[in-house]
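1. Okay, sequence plus prediction incoming.
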Amino acid sequence: MSDHHSNPAAAGASAQDDLAGAQSEVEELRSRVRDAEDSRLRALADLDNLRKRCASLAERAAAEATAAVAAEWLPVVDDLDRALEHSQADPEVIIQGVRSTRDQALRVLAGLGYPRRDDVGEAFDPARHDAVAVRSEPDVATGTVLNVVRPGYGDGEHMLRPAQVVVAKAE
């Protein structure tokens, strides 16, 4: 029988082989842990760089959007300046200039996706209207917008502000 329990030298060699194998395995595991830690740190650094880059891009996009909107308003301001320069002119000319400037401002808002709405005669919609008053009107269906106190701007999902309206109610 060549059982290593009966042979002390064989048992010692086997234990040393087991110990050497375990030490090798421990060293391999330590190496894998170091590699995993390095990978984790690189991933965290990459994530931080990506976060900073995204924040920078978002700030730049916001600044560019603000500048684009401001540029849309410059002709309106120019027209108002011209109107003020001619403040001594005929009142009809001034009124015409103010109307023209107002129309231009409305075109700017519409171009930005927020057209002015004319809601008189439409059914009251709480998503688009704020009812500021109700009034009895015998010949008008309940819930119909009778008057716009302050106009609303925008359509559908893109509302700049809702219209303030007076709504018809039943007698």
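-> That came through fine. Just so it is clear, the model here is predicted, and its values are computed rather than measured.
2. What lies in contact with stretch 93-107?
-> Stretch 93-107 is contacted from outside by Trp73, Pro75, Val76, Asp79, Leu80, Arg82, Ala83, His86, Ser87, Pro115, Arg116, using CB atoms under 8 Å, 6 or more residues apart in numbering. C-beta coordinates here come from the backbone N, C-alpha and C atoms, glycine included.
3. can you check stretch 156-171 too?
-> Stretch 156-171 has contacts (CB under 8 Å, 6+ apart) with 109, 113-114, 117, 119, 124, 127-138, 140-154.
4. Using neighbour counts, trim these to the buried set.
-> Listed as buried from those are 109, 114, 117, 119, 124, 128-129, 131, 134, 137, 144-146, 148, 152-154; burial here means 16 or more other CB atoms under 10 Å.
5. In strands, which of those residues appear?
-> His129, Ala131, Val134, Val145, Leu146, Val148, Tyr153, Gly154 (DSSP state E).
6. and the gap between the third one and Leu19?
-> If you measure Val134 against Leu19 using CB to CB, to the nearest Å, the figure is 92 Å.
7. what about the helices in the chain?
-> For the chain, the helices defined by DSSP state H cover 8-85, 91-111.
8. which helices and strands does the longest one pack with?
-> When you say that, I think you mean helix 8-85. Applying 3 or more CB pairs under 8 Å, 6 or more residues apart in numbering; DSSP states H and E, we find helix 8-85 packed against helix 91-111.
9. Using PDB, write down the CA coordinates of the helix it packs on.
-> Only the C-alpha atoms of helix 91-111 are listed here, as PDB (Å, rounded to 0.1, in the frame of the first residue of the first chain):
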ATOM      1  CA  PRO A  91     -50.000 110.100 -32.900                       C
ATOM      2  CA  GLU A  92     -51.400 108.000 -35.800                       C
ATOM      3  CA  VAL A  93     -47.800 107.300 -37.000                       C
ATOM      4  CA  ILE A  94     -46.800 106.300 -33.500                       C
ATOM      5  CA  ILE A  95     -49.800 104.000 -33.100                       C
ATOM      6  CA  GLN A  96     -49.000 102.400 -36.500                       C
ATOM      7  CA  GLY A  97     -45.400 101.900 -35.300                       C
ATOM      8  CA  VAL A  98     -46.500 100.300 -32.100                       C
ATOM      9  CA  ARG A  99     -48.900  98.000 -33.900                       C
ATOM     10  CA  SER A 100     -46.200  97.000 -36.300                       C
ATOM     11  CA  THR A 101     -43.800  96.300 -33.400                       C
ATOM     12  CA  ARG A 102     -46.400  94.200 -31.600                       C
ATOM     13  CA  ASP A 103     -47.100  92.200 -34.800                       C
ATOM     14  CA  GLN A 104     -43.400  91.600 -35.100                       C
ATOM     15  CA  ALA A 105     -43.200  90.400 -31.400                       C
ATOM     16  CA  LEU A 106     -46.100  88.000 -32.000                       C
ATOM     17  CA  ARG A 107     -44.200  86.600 -35.100                       C
ATOM     18  CA  VAL A 108     -41.100  86.100 -32.900                       C
ATOM     19  CA  LEU A 109     -43.200  84.200 -30.300                       C
ATOM     20  CA  ALA A 110     -44.900  82.100 -33.000                       C
ATOM     21  CA  GLY A 111     -41.500  81.400 -34.600                       C
END
